[in-house]
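Novice: whatever this is, show me its structure:
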Amino acid sequence: MSGGSKKLLMDLTKLANMSVSSSKAHPFAIDITQQAFHEPKPLFANDKKPEAAKLIEKSVPIFDKAFQNFHDEMSAGRRQSAQISRSGLQYMIEEFQSNQDLYRKISPLLNSSGVKSIEDYIQKTTTKEHVKNPGMDTSKVPVSHYWWFYVEGDE
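Specialist: Numbers count the residues shown, from 1 in each chain. Below is the predicted model:
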């Protein structure tokens, strides 16, 4: 499909219809962010962006809680997974920068406590035993995704 992922939009629809307390919602939300990281950009066709923004807006509490839970389950081997999820979320939100009304509604998610807890975890795990990016070409990661570029001592 040219200009967006149907699967991502379908998964966002499923997520938006889940309860924030559902045990399946949080891992599914993290899966969606990882999917968004790997999908070709743009993630959403222009005519689907309003629908996608509404789904993301409705899912903000689920994403926030999912990132909090993800943080609670962190271990040394999951740092890269945290970076991928954080970037996937960033890519989803950045899709709406050209529409300030939509962007204003969903961008606060980037500063939610759950997302900040993941960023803190990434920043505090810059030692060699934590920093393992096997097979990752970070040259394709935008510098605005600063959580990929922490070095030892950045705490």
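Novice: do you know the pLDDT at the residue lying closest to Leu110 once chain neighbours are set aside?
Specialist: Leaving out its chain neighbours, the residue that sits closest to Leu110 by Cβ to Cβ, 6 or more residues apart in numbering is Ile93, at 5.9 Å. (C-beta placed from N, C-alpha, C; glycine too.) Turning to Ile93, the model gives it a pLDDT of 96.
Novice: and what of Asn133?
Specialist: At Asn133, the pLDDT recorded in the model is 58.
Novice: sticking with the residue nearest to Leu110, tell me its helix or strand.
Specialist: With elements taken from DSSP states H and E, the one containing Ile93 is helix 79-94.
Novice: over to Ser19?
Specialist: Counting by DSSP H and E, there is no helix or strand that carries Ser19.
Novice: if I look at it, how far off is Ser5?
Specialist: Applying Cβ to Cβ, to the nearest Å, one obtains 25 Å for the distance of Ser19 from Ser5.
Novice: okay, those two: which has more neighbours?
Specialist: Between Ser19 and Ser5, Ser5 has the larger neighbour count (other Cβ atoms under 10 Å), namely 22 against 10.
Novice: would you enumerate the residues in contact with that one?
Specialist: For Ser5, the contact set (Cβ atoms under 8 Å, 6 or more residues apart in numbering) comprises 35, 39-40, 43-44.
Novice: what's the answer for Leu43, then?
Specialist: Residues counted as contacts of Leu43 (Cβ under 8 Å, 6+ apart) are 4-5, 8, 36, 52, 91-92, 95.
Novice: low-confidence stretches in this structure?
Specialist: Low-confidence regions of the chain, defined here as pLDDT under 70, cover residues 1-3, 76, 127-135, 152-155.
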